[in-house]
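>>> Kindly return the folded structure for what I paste below:
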Amino acid sequence: MNMLRVRPLSAVILTAWVIMMGLLVKREYFTAEPLWRLGAALPDTGTVEWWSGIYIGSEKIGYAYTHRTSQGDTLFRVVGTQLLRLTTLGQAQVINVRSEATLNPDLSLRSFSFAMSTDDAASSLTAPSRRRSPTGTSFEVQGGVDGNRLKIGVRQGGDTERRERIITISGPIYIDAGLDLLLGRGGFEVGEELSVPTFDPATLGTVTAEIRVAALDTIDLHGQRIPAYRLETEYFGFTVHVWVDEEGNELRGEVPLGMVTMTTVRESREQALNEGWDPSTTLDLVNLAAIPTGIMKIEGARQADSMKVRLSGIDPGEFDLTFGRQELIEQIVVIKKEDMGKLEDYHLPNSDRANRYYLKSTPFIQSENSFITRRARQIRGRNPGARDFAEELVHWVYNYLEKVPTAGVPSALEVLRRRAGDCNEHTVLFTALARAAGLPSLMNAGVVYLDGRFYYHAWPSVWLGQWVAVDPTFDQFPADATHISFVRGGLDRQVELMKIIGRLSIDVVNYHPLPEELIP
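Modelled structure (predicted):
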């Protein structure tokens, strides 16, 4: 396999894994319901701290540390730190996460901060890296409650100012700094359930979590058999399992991720920092998540103008697989590359009110930022045509960005400054520049064929009288027919791919053009 050709494909799986790790490890979410309905008492005052090791399968990839303290008689402060060390195609990705929250006496949120940074260089496993490489990323969110509003400020990369966002809330909100803090401080009742609307600072998205006290189990913890309540939380269509003792202290957590299970295990500080690390083993997430095909392989995939595949192992009805150029017929997905002769051309900016949503600026697609709009004007030049601009933009983004694996939260403005990234970075920058020029654009996440396997991938689509898939990572206008789109939208939608990783199988039924030796 040509590893350089695979490198641009790792962003989707890396980003989704990072977000999923957040569900189990940091779990910094906010809810408008009192979580202590499952417990009886407020937390004791004083200082509490604990450490956990983070594992994928049997391989240790990081640690988590949480510290809670009371501040006088009125406030609580909760601080969390995590370090994760991942590998993509032989390149180390060190991810540092730090979160902090100040809580009122009733545990409602007063203020919070969340920061995540990545480094592509070898980094210390015993402390977060203070040096960030040119291809590393950083993402910071700060906020607080003001009446019925949650005020949020976002800063990424080289931003000198925070971008503000306000979320309207219906009442006090609460932070889940770990189920051990907020669930069951007075005893658990098996079968009790709670529906929790949550906010995720990593994606700035919302999701409803369904929490249930599933059973009283006995687990093994460092050679000891310990009774523990199993709490099950439904996120994005799959289940997070957490085991806690009678006082609500978290002992173990698991997220089944198809081919492997991600686990957190309560450890001492010494164990978390210094035990279990094996530098000779490297778990490569991209290759681990790749999907082998059946008997038929695709020759000349980048030139494919049609493809028919059979999906198995998943329920295709869970996804909108009929969109634009692709159609779901029972278990079969048919993709036909767009006919260039039928693409509509028009003068930019697009004035169709139906496309306003696909021109919007967002915290990660900063299409109204002056740096983005200025660069879009430069690329567009004096040509007002939508079709010519779309094609030129594909080539420009392809040539502008260095192809490197990147874990983290991609931002168009930061990508424009760093000039490097993966398929997510190519896609978010393209989408922001397209919208800045008045060209409706959206982001796809799914899979693409390469060297005998399908890899998870991201690419944009643009409106030219119909949605046209393009791929600035591969320098394609339109994109070849081996792209299968499962979800469309931002990072909060990409997480949905996690429920099919390790389960999805794809058999190629046929494709066109066939190589001469396969033509009857």
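>>> Which residue ranges of the protein form helices?
For the chain, applying DSSP state H gives helices covering 3-6, 11-24, 179-182, 269-274, 285-289, 370-380, 386-400, 412-418, 423-436, 491-494.
>>> Could you export the ones you listed as TSV, including mean neighbour count, mean pLDDT and distance to T69?
Glycine gets a C-beta too; all of them are placed from N, C-alpha and C. Formatted as TSV, these follow (neighbours: other C-beta atoms under 10 Å; pLDDT from 0 to 100; distance: least, C-beta to C-beta, whole Å):
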stretch	mean neighbour count	mean pLDDT	distance to T69
helix 3-6	14	37	46
helix 11-24	25	54	23
helix 179-182	24	44	12
helix 269-274	15	93	17
helix 285-289	23	74	35
helix 370-380	16	95	41
helix 386-400	20	96	47
helix 412-418	23	90	34
helix 423-436	30	95	37
helix 491-494	21	75	32
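>>> Going along the chain, name the strands of the stretch 151-300 of the chain.
163-168, 174-176, 193-200, 205-221, 224-235, 238-244, 250-257, 260-267, 291-292 (DSSP state E, counting those that start in this stretch).
>>> coming back round to it: can you tell me which of the helices of the chain is nearest to D475?
helix 386-400 (3.9 Å; C-beta to C-beta).
>>> so how far is that closest one from its chain's centroid?
The gap between where helix 386-400 is centred and where its chain is centred comes out at 26 Å by C-alpha atoms, centre = their mean, to the nearest Å.
>>> Hmm, N383 is touching F389, no?
Yes. With contact defined as C-beta atoms under 8 Å, N383 reaches F389; the gap is 6.4 Å.
>>> CA atoms only for stretch 234-248 - export them in PDB, please.
Written as PDB, here are the backbone C-alpha positions of stretch 234-248 (Å, rounded to 0.1, in the frame of the first residue of the first chain):
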ATOM      1  CA  GLU A 234     -26.800   5.800  25.100                       C
ATOM      2  CA  TYR A 235     -24.900   8.300  22.800                       C
ATOM      3  CA  PHE A 236     -25.300   8.500  19.000                       C
ATOM      4  CA  GLY A 237     -26.900   5.100  18.800                       C
ATOM      5  CA  PHE A 238     -24.300   3.100  20.800                       C
ATOM      6  CA  THR A 239     -23.800   2.400  24.500                       C
ATOM      7  CA  VAL A 240     -21.200   3.700  27.000                       C
ATOM      8  CA  HIS A 241     -20.800   1.400  30.100                       C
ATOM      9  CA  VAL A 242     -19.600   2.800  33.400                       C
ATOM     10  CA  TRP A 243     -19.200   0.700  36.600                       C
ATOM     11  CA  VAL A 244     -19.400   2.600  40.000                       C
ATOM     12  CA  ASP A 245     -19.200   1.600  43.600                       C
ATOM     13  CA  GLU A 246     -22.000   2.300  46.100                       C
ATOM     14  CA  GLU A 247     -20.700   5.800  46.700                       C
ATOM     15  CA  GLY A 248     -20.800   6.600  43.000                       C
END
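>>> buried set for that stretch?
Neighbour counts over stretch 234-248 (16 or more other C-beta atoms under 10 Å) mark Y235, F236, F238, V240, H241, V242, W243, V244, D245, G248 as buried.
>>> and of these, the nearest to R77?
G248 (18.6 Å).
>>> Please report phi then psi for the closest one.
The phi and psi values for G248, taken as degrees, to the nearest 10, are phi 90, psi 10.
>>> now it: how far from Y229?
Between G248 and Y229 the distance is 9 Å, computed by C-beta to C-beta, to the nearest Å.
>>> the domain parsing of this structure - what is it?
Here the domain parsing of the chain from automatic domain parsing is 32-286, 290-518.
>>> Please name whichever of the helices of the chain is nearest to T322.
Closest approach to T322 among the helices of the chain is made by helix 491-494 (16.6 Å; C-beta to C-beta).
>>> P440 is in contact with S461, isn't it?
No. Counting by C-beta under 8 Å, P440 does not reach S461; the two are 9.0 Å apart.
>>> between these two, which one's more packed in?
S461 (29 against 23; other C-beta atoms under 10 Å).
>>> Need the pLDDT of the more buried one.
For S461, the pLDDT comes out at 98.
>>> And T160, by the same measure?
At T160, the model reports a pLDDT of 61.
>>> Make 50 the starting number, not 1.
Let's use 50 as the start, then, which means that last one is T209.
>>> quick revisit: looking at the domains of the chain, which one has the lowest mean pLDDT?
domain 81-335 (a mean of 75).
>>> From the chain's centroid, how far away is it?
For domain 81-335, the distance to the chain centre is 15 Å (C-alpha atoms, centre = their mean).
>>> Which strand residues bridge I381?
Here I381 sits in beta bridges with R359, I378, going by DSSP bridges.
>>> Quick check, it in contact with M356.
No. Between I381 and M356 there is no contact, the gap being 10.7 Å when judged by C-beta under 8 Å.
>>> More neighbours: the two, which one.
M356 (24 against 15).
>>> isn't that one right up against Q375?
No. Under the criterion of C-beta under 8 Å, M356 is not in contact with Q375, lying 9.1 Å apart.
>>> for E149, what are its contacts?
R126, V127, V128, G129, F161, S162, F163 (C-beta atoms under 8 Å, 6 or more residues apart in numbering).
>>> Apply 6 Å and report the result again.
Neighbour list for E149: V128, S162 [criterion: C-beta atoms under 6 Å, 6 or more residues apart in numbering].
>>> same check, this time on L300
For L300, the contacting residues are L270, A277, W292, R315, by C-beta under 6 Å, 6+ apart.
>>> Among the residues you listed, which one has the most neighbours?
Ranking the contacts of L300 using other C-beta under 10 Å puts W292 first, with 26 neighbours.
>>> How about that residue, nearest residue that isn't a chain neighbour?
Excluding the flanking residues, the one nearest W292 by C-beta to C-beta, 6 or more residues apart in numbering is A277, at 3.9 Å.
>>> Could you do R502 as well?
Closest residue to R502 in three dimensions, ignoring its sequence neighbours and counting by C-beta to C-beta, 6+ apart: A339, at 4.4 Å.
>>> Point out the most buried one among the domains of the chain.
For the domains of the chain, the largest average neighbour count (mean count of other C-beta atoms under 10 Å) is found in domain 339-567, namely a mean of 20.
>>> between the buried residues of stretch 283-297, which is nearest Y395?
Closest approach to Y395 among the buried residues of stretch 283-297 (C-beta to C-beta): F285, at 37.2 Å.
>>> can you pull out the strands in the stretch 450-569 of the chain?
451-452, 469-470, 490-499, 502-512, 516-518, 533-537, 554-561.
>>> right, so of these, which gets closest to H396?
Closest of the strands of the stretch 450-569 of the chain to H396 is strand 502-512, at 13.5 Å (criterion: C-beta to C-beta).
>>> where's H561 relative to T267, distance?
In terms of C-beta to C-beta, H561 sits 57 Å off from T267.
>>> pretty sure A264 contacts A277?
No. Assessed by C-beta atoms under 6 Å, A264 is found out of contact with A277, at 9.5 Å.
>>> hmm, who's touching stretch 419-437?
By C-beta under 6 Å, 6+ apart, stretch 419-437 touches 392, 394-397, 415, 438, 442, 445, 481-482, 485-486, 488, 513.
>>> In this structure A339 contacts Y505, no?
No. The criterion here is C-beta under 6 Å, and A339 misses it with Y505 at 8.2 Å.
>>> who's the residue lying closest to L156 once chain neighbours are set aside bridged to?
Sequence neighbours aside, Y223 is the residue nearest to L156 in space, at 5.8 Å (criterion: C-beta to C-beta, 6+ apart). Beta bridges link Y223 to T80, S157, judged by DSSP bridges.
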